[in-house]
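A.B. asks: pasting the sequence and the predicted coordinates here, then a few questions.
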Protein chains: 2
Amino acid sequence: MKIGKQTIKLENTPKIIETCSVVGPRETEGPLNIYFDIHIDDIFYGEKTFEKAESKMLKTCVDNLLSKASTDKEHIDYIFAGDLLNQCIASGYCIRDLNIPFFGLYGACSTFCESMILASLFVNSNYASKAVAATSSHFCSAERQFRMPLEHGNQKTPTAQVTVTAAGSALIMSKDTNKKAPHITYVTPGKIIDMGITDMTNMGAAMAPAVFDTVTTHLQDTGRSPDYYDAIVTGDLGILGSEIVCDLCKDYGVDISKVHKDCGVLIFDKDKQDTHCGGSGCGCCASVFSGYFFELLKTNKINKVLLVATGALMSTVATQQGESIPSIAHAIAIENEV
Amino acid sequence: MKIGKQTIKLENTPKIIETCSVVGPRETEGPLNIYFDIHIDDIFYGEKTFEKAESKMLKTCVDNLLSKASTDKEHIDYIFAGDLLNQCIASGYCIRDLNIPFFGLYGACSTFCESMILASLFVNSNYASKAVAATSSHFCSAERQFRMPLEHGNQKTPTAQVTVTAAGSALIMSKDTNKKAPHITYVTPGKIIDMGITDMTNMGAAMAPAVFDTVTTHLQDTGRSPDYYDAIVTGDLGILGSEIVCDLCKDYGVDISKVHKDCGVLIFDKDKQDTHCGGSGCGCCASVFSGYFFELLKTNKINKVLLVATGALMSTVATQQGESIPSIAHAIAIENEV
């Protein structure tokens, strides 16, 4: 049922039964290493191209998710997935081999929450009894598609972020499922917000206003205050974007700084790893939630999370044509024992 | 409620209250000309680039949809949209200006049915009272992204199709809405099917097996025979793909040939317009349904339609890496007076 301006209350509170995370070499060296399910030490993952490596990584992630949940792919009703590559080929070629009815999504780095929103709404309405949400990103496939050939060895500006090589997936089922698991209670799909930022090496600044819009709308729609949540987790604002969104909220009279965490900040050690403003990419939020935050929820170290994945919806063509960066943030409330 | 293998029954049978179609110069010269709402005679639509022209065309289409339905954009709960451009920028920049919560989709030319499925399920479950589905394609932006620079003046092979320059959109609302309109009764989201076709100038052959899979699954799930429908309308198989899908169904014991129509075949006059196997692109199915078939439904010339949009999910990078063309088809049953 829709409540307020743009939030949906999930009366049947579907459960996140299981998650899986797969990460690459740089993410394995990061501080969250022990929380990830599978670590890949070869950036090509045994394939001939970065794109095929990314697709295989996503496949490994979904296969392992189903294996962890002791579920066959034949029992998955629908899969919701997308990625950063042109025409979302990482997802397309991964899901071709799974033989599961598929909804292809493009929400840039907001895709993990977009896919979780749709999967949980399908379960909430009995359109599906088991639905999977999945996404991936790969540093090398993203660099050569969006930025520069790796062989250039280009320097990054201080505001830039590093696309993570990672995939994350979640299996969503009815609350009647006989397993203790966190529930999805509310979702707040976002609007596109564009404050005119044109610097594609400063995505945090471009995306922060979209997070501000979605988070404040979510709090207003649900009547909750930021401290209702143990953590308000953004996808990949990075260090600078995180500062901006906390400032924007504060100026608006809402202090999220005490509970705010950002997956892009958490996944790397900024002092030791030379990752500038932090991690980015669909796989950042997907792997950090699926690995780290899901573990904290399962072990009751935290009990209420608002997960807000954030995407920048530009293309290289749009940037070359002088366009600014339109951004979007989708939020999903995940809570223990509803 | 899910029924059978992969079909969902919409108990609350949402209505397609209104549609809008916008087409370019070549489509204006075609046989369906009088059915389209808006005709654009300048391929640049007053913009400096093809991509901006496509985005503006989609914006015109959604604006005119809301105007035809006497609805303000503030009253639209969610919009579901996507297109063929890298990172779906036609939709992104269009929807930035609309300020409506947005789900970005990538289903290639299957996007119109994917967006209609999600919009109608949202209305069916009271997640939205008004939802919009929209998509577009543009001959010139598609040619330069997927094929050759227009300046080359390349010859097309006989199996090739022509990306249409068009946008289509639909407004979906509750069946309680006080206006006579066709209802959405069942949706069948598709699986990815890849029979190994690698010729990107023969998309009809690549996509036909996906249509076969979705249509036969839909008929099995609903217990309907092809002649239940006045028309089984495919998105853009073109002339060759249409022959293939009718043959595949016939070999399987299901004769759809008497009721089968294809938007890619209908939109152009193959003898006068030199369009080879016909039209393609997201905008093909979107404009032909929104213009032609919706008019036939409203005037009771036909009463039961199965609309099956078909997408080929490859990218130029995947093709260069030797990959075949994975395809998908999503079906939606639209009926008068349920």
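C.D. replies: Received, thanks.

A.B. asks: what parts of the stretch 201-338 of chain A come near chain B?
C.D. replies: By CB under 8 Å from any CB of the partner chain, the residues of the stretch 201-338 of chain A that approach chain B are A:313-318, A:321, A:323, A:326, A:328. Yep, even glycine has a C-beta here, placed from its N, CA and C like the rest.

A.B. asks: how about 7 Å then?
C.D. replies: A:313-315, A:317-318, A:321, A:323, A:326, A:328 (CB under 7 Å from any CB of the partner chain).

A.B. asks: for the residues you listed, pick the one with the most neighbours.
C.D. replies: Counting neighbours by other CB atoms under 10 Å in any protein chain shown, A:Ile328 leads those with 33 neighbours.

A.B. asks: hey, where'd the helices end up in the stretch 1-150 of chain A?
C.D. replies: Assigned by DSSP state H, counting those that start in this stretch, the helices in the stretch 1-150 of chain A fall at A:25-28, A:50-68, A:89-96, A:111-124, A:139-146.

A.B. asks: adding mean neighbour count as columns, could you present the ones you listed in JSON lines?
C.D. replies: Below are those laid out as JSON lines (neighbours: other CB atoms under 10 Å in any protein chain shown):
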{"stretch": "helix A:25-28", "mean neighbour count": "19"}
{"stretch": "helix A:50-68", "mean neighbour count": "23"}
{"stretch": "helix A:89-96", "mean neighbour count": "28"}
{"stretch": "helix A:111-124", "mean neighbour count": "30"}
{"stretch": "helix A:139-146", "mean neighbour count": "20"}
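
A.B. asks: ok, which of the ones you listed comes nearest B:Pro31?
C.D. replies: Proximity to B:Pro31 (CB to CB) singles out helix A:89-96 among these, at 33.6 Å.

A.B. asks: what does the pLDDT read for A:Asn154?
C.D. replies: Note for A:Asn154: predicted pLDDT of 86.

A.B. asks: surely it and A:Ala160 touch.
C.D. replies: No. Applying CB atoms under 7 Å, one finds A:Asn154 not in contact with A:Ala160, separated by 9.9 Å.

A.B. asks: could you list the low-confidence segments of chain A?
C.D. replies: A:338 (pLDDT under 70).

A.B. asks: which non-adjacent residue is nearest the spatially most central residue of chain A?
C.D. replies: By CA atoms, centre = their mean, chain A has its centre lying nearest to A:Cys285, at 3.3 Å. Of all residues not flanking A:Cys285 in the chain, A:Gly235 sits nearest, at 3.4 Å (CB to CB, 6 or more residues apart in numbering or on different chains).

A.B. asks: which residues does that neighbour contact?
C.D. replies: Going by CB atoms under 7 Å, 6 or more residues apart in numbering or on different chains, A:Gly235 touches A:109-110, A:263, A:284-285, A:308-310.

A.B. asks: let's see it at 10 Å
C.D. replies: Under the criterion of CB atoms under 10 Å, 6 or more residues apart in numbering or on different chains, the neighbours of A:Gly235 are A:108-113, A:207, A:211, A:241, A:262-264, A:279-282, A:284-286, A:288-289, A:307-311, A:329-330.

A.B. asks: from the residues you listed, which land in helices?
C.D. replies: A:111-113, A:207, A:211, A:241, A:263-264, A:282, A:284-286, A:288 (DSSP state H).

A.B. asks: dump the residues you listed to JSON lines, plus distance to B:Ser137.
C.D. replies: Shown next, in JSON lines, are the ones in helices among the contacts of A:Gly235 (distance: CB to CB, whole Å):
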{"residue": "A:Thr111", "distance to B:Ser137": "22"}
{"residue": "A:Phe112", "distance to B:Ser137": "27"}
{"residue": "A:Cys113", "distance to B:Ser137": "28"}
{"residue": "A:Met207", "distance to B:Ser137": "28"}
{"residue": "A:Val211", "distance to B:Ser137": "32"}
{"residue": "A:Gly241", "distance to B:Ser137": "33"}
{"residue": "A:Cys263", "distance to B:Ser137": "35"}
{"residue": "A:Gly264", "distance to B:Ser137": "34"}
{"residue": "A:Cys282", "distance to B:Ser137": "25"}
{"residue": "A:Cys284", "distance to B:Ser137": "31"}
{"residue": "A:Cys285", "distance to B:Ser137": "30"}
{"residue": "A:Ala286", "distance to B:Ser137": "30"}
{"residue": "A:Val288", "distance to B:Ser137": "36"}
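
A.B. asks: can you map out the helices along the stretch 201-338 of chain A?
C.D. replies: Under DSSP H, counting those that start in this stretch, the stretch 201-338 of chain A gives helices at A:203-222, A:238-251, A:263-266, A:270-273, A:282-288, A:294-298, A:316-320.

A.B. asks: including distance to A:Lys191, could the ones you listed go into TSV?
C.D. replies: Shown next, in TSV, are the helices of the stretch 201-338 of chain A (distance: least, CB to CB, whole Å):
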stretch	distance to A:Lys191
helix A:203-222	6
helix A:238-251	15
helix A:263-266	22
helix A:270-273	31
helix A:282-288	19
helix A:294-298	27
helix A:316-320	18
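
A.B. asks: can you tell which of these is closest to A:Gly92?
C.D. replies: Judging these by CB to CB, what sits closest to A:Gly92 is helix A:282-288, at 14.3 Å.

A.B. asks: for the closest one, list the C-alpha coordinates in PDB.
C.D. replies: The C-alpha trace of helix A:282-288 is given here as PDB (Å, rounded to 0.1, in the frame of the first residue of the first chain):
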ATOM      1  CA  CYS A 282      26.600  -1.300  -8.600                       C
ATOM      2  CA  GLY A 283      28.600  -4.000  -6.900                       C
ATOM      3  CA  CYS A 284      29.700  -1.800  -4.100                       C
ATOM      4  CA  CYS A 285      26.400  -1.400  -2.300                       C
ATOM      5  CA  ALA A 286      25.400  -5.000  -3.400                       C
ATOM      6  CA  SER A 287      28.500  -6.700  -1.900                       C
ATOM      7  CA  VAL A 288      28.800  -4.500   1.200                       C
END
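
A.B. asks: can you count the residues close to A:Ala205?
C.D. replies: So A:Ala205, with other CB under 10 Å, has 22 neighbours.

A.B. asks: could you find the closest non-adjacent residue to it?
C.D. replies: Leaving out its chain neighbours, the residue that sits closest to A:Ala205 by CB to CB, 6+ apart is A:Ile197, at 5.2 Å.

A.B. asks: check contacts around that neighbour.
C.D. replies: A:Ile197 neighbours (CB under 10 Å, 6+ apart): A:203-209, A:312, A:314, A:324-327.

A.B. asks: closest to chain B out of those residues?
C.D. replies: A:Pro326 (4.4 Å; CB to the nearest CB).

A.B. asks: wait, the closest one sits on A:Met203?
C.D. replies: No. Using CB atoms under 10 Å, A:Pro326 is not in contact with A:Met203, being 11.8 Å away.

A.B. asks: need the overlap of contacts for those two.
C.D. replies: With CB under 10 Å, 6+ apart, A:Pro326 and A:Met203 have common neighbours A:108, A:197, A:311-312, A:314.

A.B. asks: contact partners for the residue of chain A most remote from its centre?
C.D. replies: In chain A, counting by CA atoms, centre = their mean, A:His152 sits farthest out from the average C-alpha position, at 29.0 Å. A:His152 makes contact with A:Glu143, according to CB under 10 Å, 6+ apart.

A.B. asks: quick check: it vs chain B, distance?
C.D. replies: Here the criterion is CB to the nearest CB, to the nearest Å. By it, A:His152 lies 19 Å from chain B.

A.B. asks: swap in A:Ala69?
C.D. replies: From A:Ala69 to chain B the distance is 19 Å (CB to the nearest CB).
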